[in-house]
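J.: Predicted model, plus sequence, below.
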Amino acid sequence: MVMYNSGMQTWNEQLKAEFDRATQARIKHNDGQARVCARRAAGIAIREYFTRKGTAPSSLSAYDLLNLLKEDPHLPADMKLIAEHLTVRVTEEFTLPVQADLVAEARILCRWLLPDWR
C-alpha cells in the first residue's frame, strides 16, 4: 500500500476524506469547494492508478494528473469525458459551462481507476 505525503494516510483514507469534504461543502452550498474536493479526489486516485502501473507521475497537481490521464490510451471514452469535465474552467460567474455533477463523476472515475476502492 502506497503512502503519500499527507500525514501517513493511505490513498483510500485520502479519497474518503476528500469525498467527505465534498459532502460537507455541498451541505454548506459551497459548490466551488465541492468541485475542488472532487478534483483532488480524482488526483489521488490517478496517482495511485499510475503508481500501480509502474509509472511515477512527475506532478502532484490534480489538474496535471487529470490531463495526463486523458492521454492514457486505455482510458475508455466515458472516463475520458469525466476527466474532461473535471478540468473544465468555471465561467466568470463561477459556474460550470457543462451540465455535470463533478463529485458524482469523480466517484465514478475513482471506482474505475481503483476497483478495490470502497
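T.: Received it, and whenever you're ready, just let me know what you need. Numbering: from 1, shown residues only.
J.: Against I108, how distant is the residue most central in space within the chain?
T.: What sits nearest the mean C-alpha location of the chain, by C-alpha atoms, centre = their mean, is A42, with 1.2 Å. As judged by C-beta to C-beta, to the nearest Å, A42 and I108 stand 10 Å apart. C-beta here means a position set from N, CA and C on the backbone, and glycine is covered the same way.
J.: Same check on H29?
T.: 23 Å.
J.: which of these two has more neighbours?
T.: I108 (13 against 8; other C-beta atoms under 10 Å).
J.: does A45 count as helix, strand or coil?
T.: Assigned by DSSP: H, G, I helix; E, B strand; the rest coil, the conformation of A45 is helix.
J.: Over to H29?
T.: Under three-state DSSP, H29 comes out as coil.
J.: Now do it, the pLDDT please.
T.: H29 is assigned 88 on the pLDDT scale.
J.: residues in contact with it?
T.: H29 makes no contacts at all, as judged by C-beta atoms under 8 Å, 6 or more residues apart in numbering.
J.: For R40, give me its contacts.
T.: E18, A62.
J.: Please point out which parts of the helix or strand encompassing it sit buried.
T.: Assigned by DSSP states H and E, R40 belongs to helix 31-52. Neighbour-count burial for helix 31-52 flags 31, 34-50 (criterion: 16 or more other C-beta atoms under 10 Å).
J.: So which elements touch the next helix-or-strand element following it?
T.: Per DSSP H and E, the first helix or strand lying C-terminal to helix 31-52 is helix 62-70. Contacts defined by 3 or more C-beta pairs under 8 Å, 6 or more residues apart in numbering; DSSP states H and E place helix 62-70 against helix 31-52, helix 77-87.
J.: Now tell me what touches helix 62-70 from outside.
T.: Applying C-beta under 8 Å, 6+ apart, the set of residues contacting helix 62-70 is 39-40, 42-44, 46-47, 49-50, 57, 59, 75, 80, 83-84, 86-87.
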